[in-house]
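1. what's the 3D shape of this:
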Amino acid sequence: MGSIDRYIFKMVLASFGIVLVSLTGVIWITQALRGIDLMTSQGQTILTFLGFTSLAIPVLVLIIAPIALMIAVSHTLTKLATDSEVIVMNAAGLSPMRLFRPFLYATLVVSLIVAFIASYMAPDGMRRLKRWDAEITADVLTNILQPGRFAQLDTNLTVRIKERQPGGLLVGIFVDDRRDPKERITIIADHGTILKNKDGSFLVLEDGNLQRFETGKTDPAMVAFARYAFDMSKFSNRSQDVTYGIRERYLWELFSPPANDPMYQQMSGAFSAELHDRLMAPLYPFAFAALTFAFLGQPRTTRQSRNFSMGNAIGAVFALRMAGFACSVAAAKSDWAAPLQYALLFGTIFGSLAIIKLGIVIEPPAKLIEAINRSNERILRLFRRPVAA
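-> From the prediction side, this is the model:
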């Protein structure tokens, strides 16, 4: 790799990293805000909330990475053109196909990242997310114990909490236990927490008192305590069977799903569509990079020409991705959708490479350039017109 290749390669990957992190962060925040009730209503910590929501990041990167690469390629080409570096390279005998080489190296790196995410990281994150969600939602202690409600956990067992505070702290706890016909136990505590360990689940109460009413006795026995553990192991259900959906399957599981898999028997078309979608994911960076370079890689003489090509590149990439989404949806029920998507991707890649190799400059029509210039002149005259006193 020569010095020019390294210069462009580093510029593309640096731009790609900045755009990818920025777009992923913005979209992740909007998605994470939907799960804010996990931390508030269910009493989870901020670390649990961040860990829970961050498991969906690989899925976001899978979609955003090709778009981030397209933006990085267009930014790099625009910078090279603005600094007249493209013109100098072209005058020095560097062909468009040769100039595309460092962009191709960067695209290969992005494609390998996307392939790894599609085959392992994204489904693994979705699996962890599903298991974590099942564990949280299946636990009675975090779902039934809602602030201000009298929750009947069992026959003749009622628990109420006043509020939940950050860190899983429960404030204002009331427990009424009448399960033993020979006695009734009433517990009032200032605060407490839920403790889970190998011995079970316990409601650890602090700063409270316990009243025990025994049958045949007129006066209750009262005990003030600083710390008291109330066993609630039977209400914390951890042994939940999680059934993984199609998007939670690894790539090799989509290649050869078990014949007796009930989900595969019912939705074999969806398995095939997901498999093709995973296989085509690494092709999108090549298609987007080649398409963008075909529109912007040639030296430009006018700013209008570059703006026109930039708009066309964005429109072409958007149309290709939307067509891909449509084919992915249709592939679950139609046999022709997946081959059509492959044809669109390979047709775009080879068509763009042909344009680059032949050195074709995609210019707007001359009349369109003239119309844009006249429009710009009218706008300038409008703003320059003096205002009457």
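2. low-confidence ranges in the stretch 1-150 of the chain?
-> Counting by pLDDT under 70, the stretch 1-150 of the chain contains low-confidence ranges at 1, 32-49, 133-145.
3. Okay, strands next: where are they in it?
-> For the stretch 1-150 of the chain, strands defined by DSSP state E, counting those that start in this stretch occupy the ranges 150-154.
4. quick one: the helices in it?
-> With helices called from DSSP state H, counting those that start in this stretch, the stretch 1-150 of the chain shows them at 3-32, 37-40, 46-54, 57-82, 85-91, 96-116, 122-138, 140-143.
5. hmm, who's touching the fifth one?
-> Right, the one you point to is helix 85-91. Residues outside helix 85-91 that contact it (Cβ atoms under 8 Å, 6 or more residues apart in numbering): 4, 77, 80-81, 96, 99, 297, 299. (C-beta placed from N, C-alpha, C; glycine too.)
6. What is the burial count for Tyr250?
-> Counted with other Cβ atoms under 10 Å, the burial measure for Tyr250 works out to 15 neighbours.
7. so which strand or helix has Phe230?
-> Using DSSP states H and E, the secondary-structure element containing Phe230 is strand 221-231.
8. What helices and strands are in contact with that strand?
-> Counting by 3 or more Cβ pairs under 8 Å, 6 or more residues apart in numbering; DSSP states H and E, the packing neighbours recorded for strand 221-231 are strand 183-197, strand 200-214.
9. In a markdown table: the ones you listed, plus mean neighbour count and mean pLDDT.
-> Rendered in a markdown table, the data for the helices and strands packed on strand 221-231 read as follows (neighbours: other Cβ atoms under 10 Å; pLDDT from 0 to 100):
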| stretch | mean neighbour count | mean pLDDT |
| --- | --- | --- |
| strand 183-197 | 17 | 84 |
| strand 200-214 | 17 | 84 |
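10. now those in CSV, with distance to Asn307?
-> Rendered in CSV, the data for the helices and strands packed on strand 221-231 read as follows (distance: least, Cβ to Cβ, whole Å):
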stretch, distance to Asn307
strand 183-197, 60
strand 200-214, 63
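11. Looking at those strands, spot the one closest to Leu353.
-> Of all the helices and strands packed on strand 221-231, the one in closest proximity to Leu353, counting by Cβ to Cβ, is strand 183-197 (58.1 Å).
12. okay, the angle between that closest one and strand 221-231?
-> What separates the directions of strand 183-197 and strand 221-231 is an angle of 30 degrees, with axes from the mean of the first three to the mean of the last three Cα atoms, to 10 degrees.
13. still on that earlier bit, out of the helices and strands packed on strand 221-231, which is closest to Thr292?
-> The closest of the helices and strands packed on strand 221-231 to Thr292 is strand 183-197. By Cβ to Cβ, the value is 52.1 Å.
14. Which residues does that closest one contact?
-> Applying Cβ under 8 Å, 6+ apart, the set of residues contacting strand 183-197 from outside is 43, 141-142, 168-178, 201-215, 228-230, 232, 236.
15. tilt between that strand and strand 200-214?
-> Between strand 183-197 and strand 200-214, the angle formed by their directions is 170 degrees, by the same axes, to 10 degrees.
16. What strands line up against strand 183-197, and which way round?
-> For strand 183-197, the paired strands and their directions (DSSP bridges) read strand 169-177 (antiparallel), strand 200-214 (antiparallel).
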